[in-house]
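J.: Sharing a model that was predicted from the sequence below.
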There are 2 protein chains.
Amino acid sequence: MPKVSIDLDMVLVTNQEFVKKAEDCMPELHETMVKPAALVDIVKTDAVYPQVKQKDSVENLSNYHLAKGDKICLDFGDHQVGYVTLKVNSVGSPQDAPAFLRLKFGEIAKEMTENSADYDGWISRGWIQEEYIHVDILPAELKLPRRYAFRYMEIEAIDTSLKWQLVVEDVTCISVSAASMDEVKHIESEDEMVRSLDRVSLRTLMNCMQSVFEDGPKRDRRLWLGDLRLQALTNYVTFRNFDLVKRCLYLFAGQTRDDGLVSACLFTEPKFIVDDTFLLDYSMFFGAALLDYYKASGDMETLRDLSKCAYRQMEIVKEQFDEKNLLVNGEGFWAFIDWTEGLDKQAAMQGVYIFCTKKVQQIAEILGDKEKATELSAEAETKAEAARKYLWDKETGLFVSGSDRQISYASQVWLILAGAVSSEEGIQILDKVKELNPEKGMVSPYMNHHYVEALLLCGKKEEAMDYMKYYWGGMISSGADTFWELYNPKNPAESPYGNSIVNSYCHAWSCTPAYLLRKYF
Amino acid sequence: MPKVSIDLDMVLVTNQEFVKKAEDCMPELHETMVKPAALVDIVKTDAVYPQVKQKDSVENLSNYHLAKGDKICLDFGDHQVGYVTLKVNSVGSPQDAPAFLRLKFGEIAKEMTENSADYDGWISRGWIQEEYIHVDILPAELKLPRRYAFRYMEIEAIDTSLKWQLVVEDVTCISVSAASMDEVKHIESEDEMVRSLDRVSLRTLMNCMQSVFEDGPKRDRRLWLGDLRLQALTNYVTFRNFDLVKRCLYLFAGQTRDDGLVSACLFTEPKFIVDDTFLLDYSMFFGAALLDYYKASGDMETLRDLSKCAYRQMEIVKEQFDEKNLLVNGEGFWAFIDWTEGLDKQAAMQGVYIFCTKKVQQIAEILGDKEKATELSAEAETKAEAARKYLWDKETGLFVSGSDRQISYASQVWLILAGAVSSEEGIQILDKVKELNPEKGMVSPYMNHHYVEALLLCGKKEEAMDYMKYYWGGMISSGADTFWELYNPKNPAESPYGNSIVNSYCHAWSCTPAYLLRKYF
């Protein structure tokens, strides 16, 4: 089901001073030249994920003379985000027709076995990393202008002619990131899975750190506020690139809807503009992300600059409550929480509101704005009380959401993270929801992160570790070099887009094991 | 049936002095900026050729907001050979996915209705003028790096996203040619068809005149000797670009097989190299083309330089005769004559040999090489005598070819052009072959040209004009802006390549009406 919002009548207000400060923090990207590690065959099996078989050494690359329909697949050894250059030539008689090539890039091996022609999902097929290229004159150096996110690269000679064959003489990737793996200390552990969780998290975050914190370098390649908050938290304990977070915060505050609402995501090319997508949880996270940034960096100027924007988000959402102090569900794609189909978001959003109100209250306290702090403290308490009064279901011992009193993981997790219940109550809730295993589960690593954080907040350290190994470890067992946008251990091929070929397999919101391991263990 | 020759063991000999002289004659191309004339709809009908309907003025181009799957078709008003630049933009919400476009170029409207996915012919599908392009950031100016031959250009938004649409703001073609229409005087006639035959011939030749005389600017985009001869003849009486012919002659003589045989075609990019295709008729035409060039230009230095190469071709083919002085059919793709399937080429090639021997004899005479001239004169007579003795079928009054005594148009035409019979006999032969209408007819305009020239040589001027109007005029009636590589009035969709989508619709060898009209009428 398409989840998009369009508001062509949106009026935007730009704060040039903030935009200037964001521009001043534009990072210089580190460039690394990477050569393919091997020629491989990717073979479909009965399992969900195909088998990757070593075929030949890359040294033998130019021994492959590709006639019409022949293809080769290169393995770059790890997930790359970068710019690819190929040297191609012909062998045989003189080149009497244009070379017609298809290039296909995949973050995971499974993508390489999927056929773009079969795609009928609702988001743009333009995201499928596949190019059709004619080369009139060989030899040629093809400097591909686009950036790709990939580990595997397939080169198919769609056609040559009866008289000559195509030879790929060399392939190079210039991988780019605002972060460098040299800057970070890996976690030391005797548990190999723990080391893997950390390594894959770091690679995920690094490859999403570009001119902004991107959500995914394959798709959508842009800055989303909900993702930013988790990326930033992980970044503070790993790469510690504070300027990139500062840049992103100033961008979000630098252009808002005319009522001051912060957009859910934004674009920096061809020029800076925020999107006409507004998700109330994401808008509220502006304050939480700002507080996290101040705590990590000590940058008081930024905190002061952007505090009003943080306050404003809470004011706007405050208008969405009914007389019982319960948040009223919005229309359309109004809040994110998770991709879970049919999820009622009321209770979880009540939790997010309380959570963020408390964060923004801390900002007010740091800035010495006692009146604001007191007001926000009271607000959080009122809303928590309402949640306990109206959203609590005595029978099940769980929070319910909406007029249908839906029970979901998301409602429990966010009201626990909000501190609407004590950690003792939280333990019981988490045990019960697990036992009940409601139909409304968790789809995104983003939601799963908040679940693990709720476990940890309630002191369930061992269970949290087990769950990380089950959930993120499940991706590793399936061959992940970077963590995915989506992962359902029970249905690994699931996609909210109608087809997994457009799924992103290096997605920032799933990089948090590196943060959780460092913060809680 | 594939007709290619491959000789990877071929040893080439290069004459650097000749190559230098060819390089010195490299033309500077005229550039003309051309804008589309209209937006059109191309509609399939029950007829072979679709209907082109005016849809809108180009001024309204940017009013078309292309969502997923939408397409527009531009009509550039006449056949163009050039480089296209598009300005594309987005409307709606910010561009949240790459634009994915398909561009399709067609020389004639019929190509626009054909689907490249259906192509299963034996020559490279790389010739189909179709591009798939991703544009990550809009607005963008797309300067397409390849040269296209087209009148129609279709732009399809394969995908945008649910949030925005694609707008084509502007399209420009920089058309290129070594010739300029300003340099030529059109034929004045009260007969509109005669004026059209001339105009379309001139456009055909002009658009094939690039850094060499190309056979077709869509396909194969290279210099073939058989085509060159006819292009040069037409050029001498129209654009009169002598240097371009000189360049092409020096290129053919500049690199030959080690026995001196001239190749059928050659490439100039990435560097000059002749192809490993040798067609004995084409090789022999080197001398005929050289003589034509001298007669038109008076360039004695070139005639002297290249005469040995002309002699050598005749010496090599002389070895191919049997004891009866009949040419022995070669193996594989050894001679061209025409695309007619199953054509026995013996008799026609006997004619080409006599024809060229007489041309080369004239070269020897001009250069004062009497001995050579006498020798060639005797040779032509001997071979003509053999043709009359062994290839003449008294019963039908026609020439036959090969062991199966095949009767074809080609055999009659070439033995008439060779002067193996008198023009009175020629008249009878031409009448009889028409009456008999043998299964081995004529496919290419190249063969049809020689048929018309045979008619004219025998004084059948009216019939020649009628035939030109029937044959080349048939293409004009089907909407041709330039004359085609192939045209069978009885089967217009015919292709020797298995599928007409790769046919060339601006093909030099069919430009000769402009020559025939000026020379014979």
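T.: That came through fine. What you see is a predicted model, and the numbers here were worked out from it, not measured in a lab.
J.: Restricting to C-alpha, output stretch A:6-23 in PDB.
T.: The C-alpha coordinates for stretch A:6-23 follow below in PDB (Å, rounded to 0.1, in the frame of the first residue of the first chain):
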ATOM      1  CA  ILE A   6       1.800  15.200  -1.000                       C
ATOM      2  CA  ASP A   7       1.100  18.800   0.000                       C
ATOM      3  CA  LEU A   8       1.700  21.100  -3.000                       C
ATOM      4  CA  ASP A   9       0.200  24.000  -1.200                       C
ATOM      5  CA  MET A  10       2.700  23.800   1.600                       C
ATOM      6  CA  VAL A  11       4.300  27.200   2.500                       C
ATOM      7  CA  LEU A  12       7.900  27.000   3.600                       C
ATOM      8  CA  VAL A  13       9.800  29.400   5.700                       C
ATOM      9  CA  THR A  14      13.600  29.500   5.400                       C
ATOM     10  CA  ASN A  15      16.100  30.600   8.000                       C
ATOM     11  CA  GLN A  16      19.100  31.600   5.900                       C
ATOM     12  CA  GLU A  17      21.400  31.900   8.900                       C
ATOM     13  CA  PHE A  18      20.700  28.300   9.800                       C
ATOM     14  CA  VAL A  19      21.200  27.200   6.200                       C
ATOM     15  CA  LYS A  20      24.500  29.000   6.100                       C
ATOM     16  CA  LYS A  21      25.600  27.200   9.300                       C
ATOM     17  CA  ALA A  22      24.600  23.900   7.800                       C
ATOM     18  CA  GLU A  23      26.600  24.600   4.700                       C
END
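J.: in stretch A:254-274, what's buried?
T.: Neighbour-count burial for stretch A:254-274 flags A:254-257, A:260-268, A:273-274 (criterion: 16 or more other C-beta atoms under 10 Å in any protein chain shown). No exception for glycine: its C-beta is placed from N, CA and C like everyone else's.
J.: Is that stretch in proximity to chain B?
T.: Yes - judged by C-beta under 8 Å from any C-beta of the partner chain, stretch A:254-274 and chain B are in contact via A:F267, A:E269, A:P270, A:I273.
J.: My read is that the last one contacts A:Q255, right?
T.: Yes - taking contact to mean C-beta atoms under 8 Å, the distance of 7.0 Å between A:I273 and A:Q255 places them in contact.
J.: Mind checking which of the residues of stretch A:254-274 next to chain B land in strands?
T.: A:F267, A:I273 (DSSP state E).
J.: which residues sit in contact with the closest residue to chain B within the stretch 301-450 of chain A?
T.: Taking C-beta to the nearest C-beta, chain B has its nearest neighbour within the stretch 301-450 of chain A at A:F333, 11.2 Å off. A:F333 makes contact with A:K3, A:V4, A:S5, A:T277, A:L279 under the criterion C-beta atoms under 8 Å, 6 or more residues apart in numbering or on different chains.
J.: would a markdown table of those with distance to B:D136 and pLDDT be doable?
T.: Below are the contacts of A:F333 laid out as a markdown table (distance: C-beta to C-beta, whole Å; pLDDT from 0 to 100):
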| residue | distance to B:D136 | pLDDT |
| --- | --- | --- |
| A:K3 | 23 | 72 |
| A:V4 | 19 | 82 |
| A:S5 | 22 | 86 |
| A:T277 | 19 | 96 |
| A:L279 | 24 | 97 |
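J.: Select, from those residues, the two members most distant in space.
T.: A:V4 and A:L279 (11.6 Å; C-beta to C-beta).
J.: how many neighbours does A:K432 have?
T.: 14 (other C-beta atoms under 10 Å in any protein chain shown).
J.: Show me what from the stretch 201-350 of chain A comes close to chain B.
T.: A:R219, A:D220, A:R222, A:F267, A:E269, A:P270, A:I273, A:D275, A:D276.
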